[in-house]
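A.B. asks: model this:
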Amino acid sequence: MPESKSRLERINEQYKKEISEIINYKLKNPNATGMISVTKVKVTNDLKFAKVDVSILNAKDTKQTLAALKKSAGFIRSELARRVNLRNTPEIIFELDDSMEYGERIDKILKEIMPKKDEKDEEGNK
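C.D. replies: The predicted model follows:
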């Protein structure tokens, strides 16, 4: 059984690489703006569906960009079929991965509540 798991992991990694390349170099949808990076791909065991998590930064409208990706899923799937030689090419389901934005927000909050190093030094010298 571990052999099939490693096969799925290899497929996930290959799909992640190829989908990322297709989005960045082949996709010509003007509504897909900003920096789009594929953070994770999870293919089902039967290879029928692939959940693709994308992180969208510096976009005019994140929801519009995600909608453009969903509309372009057919094109991306056909390109994927040409690049990866498997019997089945999965249906692609895009989901927004906002972990980077969440991390930035946490970082900002921490910077606000933590006393600054300069202020701490000044208090210690008094």
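
A.B. asks: Could you list the low-pLDDT ranges of this protein?
C.D. replies: Counting by pLDDT under 70, the chain has low-confidence residues at 1-5, 116-126.

A.B. asks: Helices of that one, residue ranges please.
C.D. replies: 2-25, 62-71, 73-83, 99-113, 117-125 (DSSP state H).

A.B. asks: Can you give the distance of the first one from its chain's centre?
C.D. replies: Taking C-alpha atoms, centre = their mean, to the nearest Å, the mean C-alpha location of helix 2-25 is offset from the chain mean by 13 Å.

A.B. asks: how about the CA coordinates for that helix, as PDB?
C.D. replies: C-alpha atoms of helix 2-25 as PDB (Å, rounded to 0.1, in the frame of the first residue of the first chain):
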ATOM      1  CA  PRO A   2       2.800   2.500   0.600                       C
ATOM      2  CA  GLU A   3       3.700   2.200  -3.000                       C
ATOM      3  CA  SER A   4       0.400   3.700  -4.200                       C
ATOM      4  CA  LYS A   5       0.800   6.600  -1.700                       C
ATOM      5  CA  SER A   6       4.200   7.500  -3.100                       C
ATOM      6  CA  ARG A   7       2.700   7.400  -6.600                       C
ATOM      7  CA  LEU A   8       0.000   9.800  -5.600                       C
ATOM      8  CA  GLU A   9       2.500  12.100  -4.000                       C
ATOM      9  CA  ARG A  10       4.600  12.100  -7.200                       C
ATOM     10  CA  ILE A  11       1.500  12.800  -9.200                       C
ATOM     11  CA  ASN A  12       0.500  15.700  -6.900                       C
ATOM     12  CA  GLU A  13       4.000  17.200  -7.200                       C
ATOM     13  CA  GLN A  14       4.000  16.800 -11.000                       C
ATOM     14  CA  TYR A  15       0.600  18.400 -11.300                       C
ATOM     15  CA  LYS A  16       1.600  21.200  -9.000                       C
ATOM     16  CA  LYS A  17       4.600  22.000 -11.200                       C
ATOM     17  CA  GLU A  18       2.800  21.700 -14.500                       C
ATOM     18  CA  ILE A  19      -0.400  23.700 -13.400                       C
ATOM     19  CA  SER A  20       1.800  26.400 -12.000                       C
ATOM     20  CA  GLU A  21       3.700  26.600 -15.300                       C
ATOM     21  CA  ILE A  22       0.500  26.600 -17.400                       C
ATOM     22  CA  ILE A  23      -1.000  29.400 -15.300                       C
ATOM     23  CA  ASN A  24       2.100  31.600 -15.400                       C
ATOM     24  CA  TYR A  25       3.100  31.100 -19.000                       C
END
